[in-house]
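Chemist: give me a model of this one.
(one chain, ligands or ions: 1)
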Amino acid sequence: MDFDVVTAGAGFSGLYLIYRLRRLGFSVRVFDEALDVGGTWYWNRYPGARCDIPTTDYSYSFDPELEKEWTWSEKYATQPEILAYLGHVADKYDLRRDIQFGTKIESAAWDEEMRGWRLRTSAGDEVTCRFYVAATGCLSLPKKPDIEGVDRFGGEVYFTGRWPHEKVDFTGKRVAVIGTGSSGIQCIPLIAREAAQLTVFQRTPNFSCPAWNGPEDPERVARFAADRDAYRQAARWSRGGVPIEPTDVIGTAAPEEVRRRRFEEAWQKGELFAILNVFADQLVNPASNELVSEMIREKIRSIVHDPETAEALCPKDHPFGTKRPCLDTDYFATFNLPHVRLVDLRKTPIKTITETGIDTAAETFEFDAIVYATGFDAMTGPLVSVDIKGRDGITLKDKWAEGPATYLGLTTTGFPNFFMVTGPESPSVFSNMVVSIEQHVDWICDALDDMRRDGYDTIEPTPLAEEGWHRHNADCANITLHPLANSWYMGANVPGKPRVLYPYIGGVDRYRAACDEARARGYLGFKLTGPGGERCNDGVIRRLQPDVSLVLEAMEAMNLPALETLSPAEARAFMDQSAAIRPPGPAVGSEEDGLVPLDVPLEYRLYRPESPGPHPLVVYFHGGGWVLGSHVSDEPFCRDLCTRSDAAVLSVNYRHAPEWRFPAAAEDAVAAVRWAADNAVELGTVPGEVAVAGWSAGGNLAAVAAQRAGVPLRGQLLLCPVVDCDFSRPSYEENAEGYVLTRALMEWFWDHYCDPPSRTDPLASPLRAASLEGLPPAVVVTAEFDPLRDEGDAYAAALAAAGVPVTHLRARGHTHTSLTMVDVVISSAPVRAEMASALRSLFPSLAPAAAA
Ligand code: NA7
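Modeler: Predicted coordinates for the structure are as follows:
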């Protein structure tokens, strides 16, 4: 084989790869179509091109000596300065001797026999290598402008992503710029300085904030100088690759003056990660996002004099941050100049480019030059534009026809020994690229080194690992507002491109932890083969829903006491404190309190939907292990259930253990359901349309009531119910610790509630009932990381076997408690929506609406 490693691309990634591989003693060859190093910074030479991550951060960290000898002249360096930096890096480490410029890799094919790659270059050579690394960047393939007549124009034509090397002079010319992404927003103010007339064709207005460029931020420089190692470490373990303290201010909950202050500070700071960090929830909560969006619009309106132009420049069709936000210098003010005009293509779309200019639906324009700032086929474009054939001749393009599937954004099944630097499903464009590039190059080089040491020469992810990572990406994406936007993050700028969130939104820190963990666990999810044999530690690296992990981590950091170490009184006080600080849940139509008139009366709260009644009635029992809680302790969940199901929810208290041991709670539940069924009309609900519901121990009581109440019920909703006293099922073993409801806590609950001999009584363990035939239709929800999962599954199966109609929802990646954490665990909302819809379909008065 000619080389150990061949790489496409001589930008930040390719250069660092050469540096690292050489030091490890691997032979390497880099090919690049450009005539020198630089990658993105070689091609994007348009006026105003600069990075929009502070340059202190947007630089290599691998060699402190390099940092010492290079000083950036500005907070945001220009393209020529960054290109000079990369040239300096190439010189310092003598990297150019391993690069073949002016040469593109046109095809790559995996050769199974050779256990390596055969590459063909644009120079017509064949090159072979063991490992092929695509270091081609995320935004390197300009998108062909999908506009009629692009080839007709007879004047000067420029593409921001392929700008000429010689100075372009627009003095005295009539210039058109099409596109208002980062490139357009950066070049428009500078072109306006030269051009006689500048017309900007805008399809979608973009959020942009002032960069306040100038000397480097002294605070940042001082922090860096004080402890560069700590600074770099903080960047590596930050959310976006720039050290910044993530806020915990919730936008919708913050007072107006706090909102304003945080926004103004971020605006004045002129940094993307500051303006993306005004509120903790701005990328997941539409209302919080709108607060930031509107404050930016106010700024735009205050800068742009002409109200109509100002309004046209205000983005309204996507939440802030879901399209790449920009940093600018005088962008909005440029539209106050008399020779600059904005054409809103939403009102008057381009009909065609002509020989002399542009025709819109309303006007004919004549130009001397047209600048296309129309963007890129991002992320996957540069990868699939090379004809890469993996095992069995399958091309990457075909494999990814429905969207990219990768393991860790680094590798993909069927393509052994193929690595991507900052590939799709890695943080890449959501991060400071240089930090992500170094991390990927380090991971790849470490892997190659480990393999060589252990006698392996091929590495490939497993289908299970890839599927798991792909799903985790989607889980992360789905809790954000990103899917709402037609962005290039979502592939929406290229006609026909699959619509998924291409980069990983889970954060640089969490991502790094996942990559490190895969390696530390013996290359979890990879198959390694070689003369030394084969090794495969198969598995999925992230199985919890991302927001469930966040909550668990936050709880761990708080060092909370284990409930089972407290007395019931202490545990109750602790639960009350926790309840006081949680979000309240959605507003419902009305709430009334009352008493179920039993010997020991039971308090209730009745939640009614906003819609006109009468509604069906759901009698609900709260969770808390028969020991904790009350009729209002699951309030956010009850409100959510009421709103989503359009049924009235009667949350009834019951007598708690240890003061009242078994069967007090069960008897209360049975009696309460009978009372509610008998009093449906008095409660203002539809007679004959009563169901029971409950969570956890409340699910136990609901199941018991469904068996024993002896009144006609429309259904039973059992959320993570306790249905058996047997602790020997695997879920008790797998989830014994770490997911809030522990095995020890369940033991504590049972001990308080019920003596061991009575626990097998079906009144305590409804799974043990002699027969389940004839019970009302059931909606059973079980959570993957719940000790009670298997007994819930068993109950759903037993009900179905007894002929009871069952909807069984298995909540993937959830815990016993996460499904009830309304407005905290966002990923639980779709499960609750499904649950509520299954429930409402059981009520005849609601079923037609459910079907609609
Ligand atoms: P972007 O951000 O993709 O911007 C491209 C712009 O061009 C955007 O405003 C597009 O409008 C517009 N566009 C694209 N096609 C057309 C057609 N056919 N007609 C009119 N307008 C069009 O690319 P950039 O080069 O600015 O920035 C890329 C990244 O580089 C940037 O985010 C940084 O990470 C660095 P649309 O929004 O699609 O309606």
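
Chemist: contacting residues for Arg391?
Modeler: Contacts of Arg391 were listed using C-beta atoms under 8 Å, 6 or more residues apart in numbering, and they are Trp110, Glu112, Gly414, Phe415, Pro416. Where C-beta positions appear, they are placed from N, C-alpha and C, glycine not excepted.

Chemist: I'd like the distance between it and Trp117.
Modeler: According to C-beta to C-beta, to the nearest Å, Arg391 stands 11 Å off from Trp117.

Chemist: over to Thr352?
Modeler: Counting by C-beta to C-beta, the gap from Thr352 to Trp117 is 44 Å.

Chemist: common neighbours of Arg391 and Trp117, please.
Modeler: Common neighbours of Arg391 and Trp117, using C-beta under 8 Å, 6+ apart, are Trp110.

Chemist: quick one: contacts for Glu564?
Modeler: Thr742, Ala744, Leu745, Glu747, Trp748.

Chemist: nearest to the ligand, of these?
Modeler: Nearest to the ligand among the contacts of Glu564 is Thr742, at 44.9 Å by C-beta to the nearest ligand atom.

Chemist: any idea how far the closest residue to the closest one other than its chain neighbours lies from Arg743?
Modeler: Excluding its sequence neighbours, the residue lying closest to Thr742 (C-beta to C-beta, 6 or more residues apart in numbering) is Ala736, at 6.3 Å. Here the criterion is C-beta to C-beta. By it, Ala736 lies 4 Å from Arg743.

Chemist: how about Phe201?
Modeler: For Phe201, the distance to Arg743 (C-beta to C-beta) stands at 64 Å.

Chemist: quick one: which of these two has more around it?
Modeler: Under the neighbour definition other C-beta atoms under 10 Å, Phe201 and Arg743 were set side by side, and Phe201 has more, 27 against 16.

Chemist: gap between that one and the ligand?
Modeler: According to C-beta to the nearest ligand atom, to the nearest Å, Phe201 and the ligand sit 6 Å apart.

Chemist: residues contacting the helix or strand hosting that residue, please?
Modeler: Assigned by DSSP states H and E, Phe201 belongs to strand 197-202. The contact list for strand 197-202 (C-beta under 8 Å, 6+ apart) reads 173-180, 184, 188, 191-192, 312-313, 334-335, 339-345, 350, 358, 360, 365, 367.

Chemist: for stretch 837-844, same thing?
Modeler: 616, 618, 641, 644-647, 686, 689, 691, 693, 714-715, 717, 776-777, 779, 807, 809, 846-847, 849-851.

Chemist: buried subset of the residues you listed?
Modeler: 616, 618, 641, 644-647, 686, 689, 691, 693, 714-715, 717, 776-777, 779, 807, 809, 846, 850 (16 or more other C-beta atoms under 10 Å).

Chemist: any stretches of the stretch 551-700 of the chain with poor pLDDT?
Modeler: Nowhere does the stretch 551-700 of the chain drop to pLDDT under 70.

Chemist: so which residue of it comes closest to the ligand?
Modeler: Closest to the ligand within the stretch 551-700 of the chain is Glu553: 29.6 Å, counting by C-beta to the nearest ligand atom.

Chemist: my read is that residue is in a strand, agree?
Modeler: No. Using DSSP: H, G, I helix; E, B strand; the rest coil, the assignment for Glu553 is helix, not a strand.

Chemist: gap between it and Ser431?
Modeler: With the distance defined as C-beta to C-beta, Glu553 ends up 20 Å from Ser431.

Chemist: likewise for Gly241?
Modeler: For Gly241, the distance to Ser431 (C-beta to C-beta) stands at 4 Å.

Chemist: in terms of neighbours, single out the busier of these two.
Modeler: Neighbours were counted for Gly241 and for Ser431 using other C-beta under 10 Å; Gly241 has more, 29 against 26.

Chemist: who's in contact with that one?
Modeler: Here Gly241 is in contact with Ile53, Asp57, Ala235, Pro427, Ser431, Asn432, Met433, Val434, Val435, Ser436, Val508 (C-beta under 8 Å, 6+ apart).

Chemist: quick one: which helix or strand includes it?
Modeler: For Gly241, there is no helix or strand it lies in under DSSP H and E.

Chemist: show the pLDDT at the closest residue to Arg542 other than its chain neighbours.
Modeler: Using C-beta to C-beta, 6+ apart and skipping the chain neighbours, the partner closest in space to Arg542 is His472 (4.4 Å). We have a pLDDT of 98 for His472.

Chemist: pLDDT wise, what is the closest residue to Gly530 other than its chain neighbours at?
Modeler: With sequence-adjacent residues excluded and distances taken as C-beta to C-beta, 6+ apart, Gly530 is closest to Tyr456, at 3.7 Å. pLDDT for Tyr456: 97.

Chemist: can you report how many residues lie near Tyr456?
Modeler: There are 22 residues near Tyr456, going by other C-beta under 10 Å.

Chemist: which element is it on?
Modeler: Per DSSP H and E, Tyr456 falls between elements, in no helix or strand.

Chemist: same question for Trp675.
Modeler: helix 664-678.

Chemist: do the same with Leu383
Modeler: Going by DSSP H and E, Leu383 is in helix 381-384.

Chemist: and that helix with the ligand, contact?
Modeler: No. Against the ligand, helix 381-384 shows no contacts by C-beta under 6 Å from any ligand atom, the least distance being 11.5 Å.

Chemist: I'd like the next helix or strand past that helix.
Modeler: Next helix or strand after helix 381-384 toward the C-terminus (DSSP H and E): strand 387-389.

Chemist: in that next one, which residues are buried?
Modeler: Buried residues in strand 387-389, counting neighbours by 16+ other C-beta under 10 Å, are found at Ile388, Lys389.

Chemist: which elements pack onto it?
Modeler: Applying 3 or more C-beta pairs under 8 Å, 6 or more residues apart in numbering; DSSP states H and E, one finds that strand 387-389 makes contact with strand 105-111, helix 396-399.

Chemist: got a markdown table for these, with distance to Pro47, mean pLDDT and mean neighbour count too?
Modeler: A markdown table is the format used below for the helices and strands packed on strand 387-389 (distance: least, C-beta to C-beta, whole Å; pLDDT from 0 to 100; neighbours: other C-beta atoms under 10 Å):
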| stretch | distance to Pro47 | mean pLDDT | mean neighbour count |
| --- | --- | --- | --- |
| strand 105-111 | 31 | 98 | 19 |
| helix 396-399 | 35 | 98 | 17 |
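
Chemist: next, format those as JSON lines and append distance to Ala705.
Modeler: Formatted as JSON lines, these follow (distance: least, C-beta to C-beta, whole Å):
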{"stretch": "strand 105-111", "distance to Ala705": "61"}
{"stretch": "helix 396-399", "distance to Ala705": "52"}
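
Chemist: go through those and name the closest to the ligand.
Modeler: helix 396-399 (21.2 Å).

Chemist: which SSE is immediately downstream of the closest one?
Modeler: As assigned by DSSP H and E, the chain's next helix or strand after helix 396-399 is strand 418-420.

Chemist: does the following helix or strand past that next one reach the ligand?
Modeler: Reading on from strand 418-420 to the C-terminus, the next helix or strand found by DSSP H and E is helix 433-454. No. Helix 433-454 lies out of reach of the ligand by C-beta under 6 Å from any ligand atom, never closer than 8.6 Å.

Chemist: okay, helix 433-454 in CSV with CA atoms only?
Modeler: Only the C-alpha atoms of helix 433-454 are listed here, as CSV (Å, rounded to 0.1, in the frame of the first residue of the first chain):
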residue,chain,number,x,y,z
MET,A,433,-14.8,24.2,14.3
VAL,A,434,-11.2,24.2,15.4
VAL,A,435,-12.0,22.6,18.7
SER,A,436,-14.1,20.0,17.0
ILE,A,437,-11.4,19.4,14.3
GLU,A,438,-8.7,18.8,16.9
GLN,A,439,-10.9,16.5,18.8
HIS,A,440,-11.8,14.4,15.8
VAL,A,441,-8.2,14.3,14.5
ASP,A,442,-7.0,13.2,18.0
TRP,A,443,-9.6,10.5,18.2
ILE,A,444,-8.8,9.1,14.8
CYS,A,445,-5.1,9.2,15.4
ASP,A,446,-5.5,7.6,18.8
ALA,A,447,-7.6,4.9,17.3
LEU,A,448,-5.0,4.2,14.6
ASP,A,449,-2.3,4.0,17.2
ASP,A,450,-4.4,1.7,19.5
MET,A,451,-5.2,-0.6,16.5
ARG,A,452,-1.5,-0.9,15.5
ARG,A,453,-0.6,-1.7,19.1
ASP,A,454,-3.3,-4.4,19.4
